[in-house]
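Student: Structure for this input, please:
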Amino acid sequence: MARATDGERTTSAGGGLAERGLVDYLRILWRHKLLIAVTVVVTTGAAVGLDHVRHRTYQGTAEVLFTVQGTSDASSTTGLTPADLATDIELIGSGPVQAAVVKQLHATAPAFTATEVGATNVAQISVRSASPDFAAAAANAYARAYIQVATQSYLKSQAAAEEQIQEQMIAQQEQINSILATPGSATSPTLQAQLATLEPGLTSLQQQLNQLQLNTAQNGSAGQLVAPAVPDPVPVSPKRVQDAVIAVGVGLLLGIGLALLRENLDDRVRGKDQLEQLMPGIPVIGLIPVIDHWRNRKKPFLVTQSHPRSPASEAYRGLRTSVQFMALESPTKVLQITSPLTGAGKTTTAANLAWIMADAGQRVVVLDCDLRQPRIHEFFGLSNDVGFTSVLLGETELEDALLRVPDQPALLVLPTGPVSPNPSELLSSARTQQVFKSLSAYADIVIVDSAPVLPVTDAAVLSTNVDAMLLVVSAGTDKGRDVARSVELLDQINAPIVGIVLNRDPARDSSSYYRYGHEEEEKDTAKDTAKDTARAKDTAKAKAKDKDKDKSEPEDEKKPAAAVLTNGNGNGNGNGKAAHDLILVQNLPAVEEEDADWWPVGRHAKAAPSPVSDTQSGDTPAPPQTGDAPHE
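Tutor: Sure, this is the predicted structure:
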């Protein structure tokens, strides 16, 4: 399969926030919903708590109508301009008004606010206080004080104008009287001309005086208190409901910001699209969902055997198909499965892929080359006393180390055997290459479970003996930089990476079409449980019979000749095909025997219990439990 070279492949962090669409943002917010919820709760709680300790503040508001003084209509506003209104509002805070307020309240004049109401001549005077009664009284005091001071000022100005006119009238009247008292004034043209000038002026002054007195008498008030302030029991501060709503909004915005920041700083792989952006030269050929039936995460679970119709099993079938299609372009006899770090699910992938391939009629050998944390044998309930290291050290023959998996005749397992103190040196030996060649000659495919790439060099050493390699990545666990570093290290030795398998894919779990054909899955699960229990009892009976037969049969009558692998009833391999004859061999088979028959398993196959399943109960032996399962 064509792969990108080092120069063609570019790595990225999975795309920045600017490159994502609306759906991606919604997924990010949903993924960080707990962070957003906690942020909203904290901000709302802080606002409510702060409002609880704050002093309550009440407000009193009085409305004053400014009027034009000296008109016949007290409510007339004719002649008022915006400048007049601004002047009147400014006068509310003048010294005389403040002094009048102090006199009315018998207390220090509190702060106030005066604002014009719309485009009217009405002004609102508001005062805030810890007491609703005092707030209302102070607002009314400001209104009345302004009206009183402004009215008195107007009356004083009117009185001063009247006094000035009266003084002018007295002076002119004295001049007229002086002319009239002069002898011969009646016949003197000059005196008569003076009288003609003074008398009309006196009349005009009298008219001005009368008008001033009339204006003062008609309306001398500067304004009216149209809406006195009343005590309001509802505080204006704090407004708990309003503050809580604002706090929720602020918390939501803050939570979204923190979620986006955390997502931008978080390097963990989240889905297929991110992997394709991270490794554009390597296709994602498998999307494995979270296995819902895996209740005990510390116990190995072979979902393809226990729940063959589950979504996870269908995903492994899809992975099998992808591997088979890749083999059309480049023959794949040895397939290595590894991961960047532990916990990605490489062993689970290897075990389930091997089972599903054997289920399709292929002769499959699973080779556990993870010499540091061996786990494959636990998935099939097999022993690890003798295995791969035993063959490499010459302690046993290869056919004796291979173990047959019950209920899957086309599947053989070669566990690790005793853990070696020098795994890397052992894996790089010529004996390892010979074992790989022998297995690939007699199997349709050999699936190799190897150690992770980054912690040790075992996976890199093994890559020289395989035809293809799959890198298993766990969504939400593995980091993008670890995946990129793993591929970089493997590229340096030209490892044949053909694809990536994404474990725990969240998008795969949410696909509605993915549930197609699994409506009866729960019923099948119950049936599988009953079958497993019955199978375990049959296995125990068969073991007892074999023991009795071995004891009673003479040594020379035993038949270590050809045997036939069946699916338990002697009818074939479970796929409508005839089983391969088994021929006992004592030495490693020659590499050239590509079409040799499916070899027999050795002495250890008799002790192999049923594969591990989530439905083990009754007499079914449980596999040894060591460490955590690799597919949490």
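Student: how about low-confidence regions in the stretch 201-350 of the chain?
Tutor: Residues of the stretch 201-350 of the chain meeting the criterion pLDDT under 70: 215, 217-220, 295-297.
Student: Strands of that one, residue ranges please.
Tutor: 223-227, 284-288, 334-338 (DSSP state E, counting those that start in this stretch).
Student: how about JSON lines for those strands, with mean neighbour count and distance to Ala410 added?
Tutor: Heads up, the C-betas are built off the backbone N, CA and C, glycines and all. Output for the strands of the stretch 201-350 of the chain, formatted as JSON lines (neighbours: other Cβ atoms under 10 Å; distance: least, Cβ to Cβ, whole Å):
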{"stretch": "strand 223-227", "mean neighbour count": "16", "distance to Ala410": "95"}
{"stretch": "strand 284-288", "mean neighbour count": "23", "distance to Ala410": "21"}
{"stretch": "strand 334-338", "mean neighbour count": "26", "distance to Ala410": "16"}
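Student: looking at these, which is closest to Val102?
Tutor: Nearest to Val102, of all these, is strand 223-227, at 18.8 Å by Cβ to Cβ.
Student: packing partners for that closest one?
Tutor: Under the contact definition 3 or more Cβ pairs under 8 Å, 6 or more residues apart in numbering; DSSP states H and E, strand 223-227 sits against strand 58-66, helix 132-180.
Student: Mind listing residues that contact that strand?
Tutor: With contact meaning Cβ atoms under 8 Å, 6 or more residues apart in numbering, strand 223-227 is reached by 61-67, 74-75, 88, 122, 140, 143-144, 146-147, 150.
Student: 6 Å instead?
Tutor: Contacts of strand 223-227 with the rest of the structure, by Cβ atoms under 6 Å, 6 or more residues apart in numbering, involve 63-67, 143, 147.
Student: In the residues you listed, which has the lowest confidence score?
Tutor: Within the set of these, pLDDT is lowest for Thr67 (84).
Student: dump the residue contacts of that one.
Tutor: Thr67 makes contacts with Gly223, as judged by Cβ under 6 Å, 6+ apart.
Student: Distance of it relative to Gly223?
Tutor: Computed as Cβ to Cβ, to the nearest Å, the Thr67 to Gly223 distance reads 6 Å.
Student: again, but for Ser428
Tutor: Here Ser428 is placed at a distance of 103 Å from Gly223 (Cβ to Cβ).
Student: The strands of the stretch 201-350 of the chain into TSV, with extra columns for distance to Ser420?
Tutor: Formatted as TSV, the strands of the stretch 201-350 of the chain follow (distance: least, Cβ to Cβ, whole Å):
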stretch	distance to Ser420
strand 223-227	96
strand 284-288	31
strand 334-338	18
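Student: is it true that Thr108 lies in a strand?
Tutor: No: Thr108 sits outside any strand when classified using DSSP: H, G, I helix; E, B strand; the rest coil, being coil.
Student: ok, how many other residues are close to the nearest residue to it once chain neighbours are set aside?
Tutor: Excluding the flanking residues, the one nearest Thr108 by Cβ to Cβ, 6 or more residues apart in numbering is Val102, at 6.7 Å. If you count neighbours by other Cβ atoms under 10 Å, Val102 ends up with 14.
Student: ok, Val102 touching Pro96?
Tutor: No: taking Cβ atoms under 6 Å as the definition, Val102 is not a contact partner of Pro96, at 10.9 Å.
Student: in the stretch 1-150 of the chain, what spans have low per-residue confidence?
Tutor: Per-residue confidence for the stretch 1-150 of the chain (pLDDT under 70) gives these ranges: 1-20, 69-79.
Student: do that again at 50, thanks
Tutor: For the stretch 1-150 of the chain, residues meeting the criterion pLDDT under 50 lie at 1-2, 4-8, 10-15, 74-75, 77.
Student: can you pull out the strands in it?
Tutor: Applying DSSP E, counting those that start in this stretch to the stretch 1-150 of the chain gives strands spanning 58-66, 113-116, 122-129.
Student: do the same with the stretch 351-500 of the chain
Tutor: For the stretch 351-500 of the chain, applying DSSP E, counting those that start in this stretch gives strands covering 364-368, 403-405, 408-414, 445-449, 468-474, 497-503.
Student: same for the last one, what does it pack against?
Tutor: If contacts are counted by 3 or more Cβ pairs under 6 Å, 6 or more residues apart in numbering; DSSP states H and E, strand 497-503 sits against strand 284-288, strand 468-474.
Student: In TSV, list those strands along with distance to Ile500.
Tutor: Output for the helices and strands packed on strand 497-503, formatted as TSV (distance: least, Cβ to Cβ, whole Å):
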stretch	distance to Ile500
strand 284-288	5
strand 468-474	5
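Student: can you tell which of those strands is closest to Asp400?
Tutor: Judged by Cβ to Cβ, the one of those that comes nearest to Asp400 is strand 468-474, at 28.6 Å.
Student: partners of that closest one, with directions?
Tutor: In the sheet, strand 468-474 lines up against strand 334-338 (parallel), strand 497-503 (parallel) (DSSP bridges).
Student: quick one, which of those is nearest to Val435?
Tutor: Closest to Val435 of the strands paired with strand 468-474 is strand 334-338 (Cβ to Cβ; 10.7 Å).
Student: Show residues contacting the closest one.
Tutor: Strand 334-338 has contacts (Cβ under 6 Å, 6+ apart) with 346, 349-350, 440, 446-450, 453, 459, 462, 466-470.
Student: Spit out the contact partners of Lys333.
Tutor: Lys333 neighbours (Cβ under 6 Å, 6+ apart): 440, 467.
Student: just the contacts of strand 223-227 now: which is nearest Arg363?
Tutor: Closest to Arg363 out of those is Glu63 (97.1 Å), distances taken as Cβ to Cβ.
Student: okay, now Leu502: neighbour count?
Tutor: Leu502: 29 surrounding residues under other Cβ under 10 Å.
Student: Over to Thr432?
Tutor: Using other Cβ under 10 Å, Thr432 has 19 other residues around it.
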